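**Student:** Sequence plus predicted model, see below.
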Amino acid sequence: MERAQLDIDKHFMQLAINESKLGNYPYGAILVKDNEVKFRAHNSASTDPTAHAEVALIRTATQQLGHPSLKGYTLYTSSESCPMCAAAEIWAHVDRVVFGASIQQLIEVAQQDQIFLQSNIVNSLWTGELVTVGKIRGAYELTGGILAEEALQVFAEWKQKQQDAGQS
Ligand SMILES: [Zn+2]
């Protein structure tokens, strides 16, 4: 990856990580187009188990845009998308997805419940011969591991806060 692109990715990932601090669980995502943040969202899955940051973000963006396509957008998410969100990103036709902490790190380091199906696998399934929406829309470009330690640090702080609240 070009140095300039890596710097850009780190800049926007930091903003997604900042957004993750607002969630009831520490997951945040932003949508970027023409090097500008257009939409942001965090996890709000308290009663709706599908309200992950990425799904919330896609809903907000497409509602405001008034159409179902996010072509031309890059989605930055503080943590690798679960299979539900990875599929939603394909339905939404985003050009590129960039994530911080991986699903494996979420499970092993942050002790988060996750469906262990990595987003590159979900993404590649959609380009297969049998999945017609993949043929129409194509897979997105995927980059992972940007500021992963910083993303995981938010989980550690969040856990500490939960523990402190439990003790008081
Ligand atoms: Zn998800």
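**Tutor:** Here it is on my side, so go on.
**Student:** contacts, neighbours, all on C-alpha from now
**Tutor:** Noted.
**Student:** what's the spacing between the residue sitting nearest the centre point of the chain and residue 138?
**Tutor:** Note on the chain: the residue nearest the mean C-alpha position is residue 77, at 2.9 Å, using CA atoms, centre = their mean. Applying CA to CA, to the nearest Å, the value for residue 77 to residue 138 is 20 Å.
**Student:** In which helix or strand does residue 40 reside?
**Tutor:** Using DSSP states H and E, residue 40 falls within strand 36-42.
**Student:** longest helix of the chain?
**Tutor:** Identified as the longest helix of the chain according to DSSP state H is helix 148-167.
**Student:** And the contacts of the helix or strand that contains residue 10?
**Tutor:** Here residue 10, judged by DSSP H and E, is contained in helix 3-20. Residues from elsewhere that reach helix 3-20 (CA atoms under 8 Å, 6 or more residues apart in numbering): 26-30, 40-43, 76-78, 98-100, 146-147, 150-151, 154.
**Student:** rerun at 6 Å
**Tutor:** With contacts defined as CA atoms under 6 Å, 6 or more residues apart in numbering, helix 3-20 is touched by 26-30, 42, 77-78, 151.
**Student:** Fine, thanks again, bye for now.
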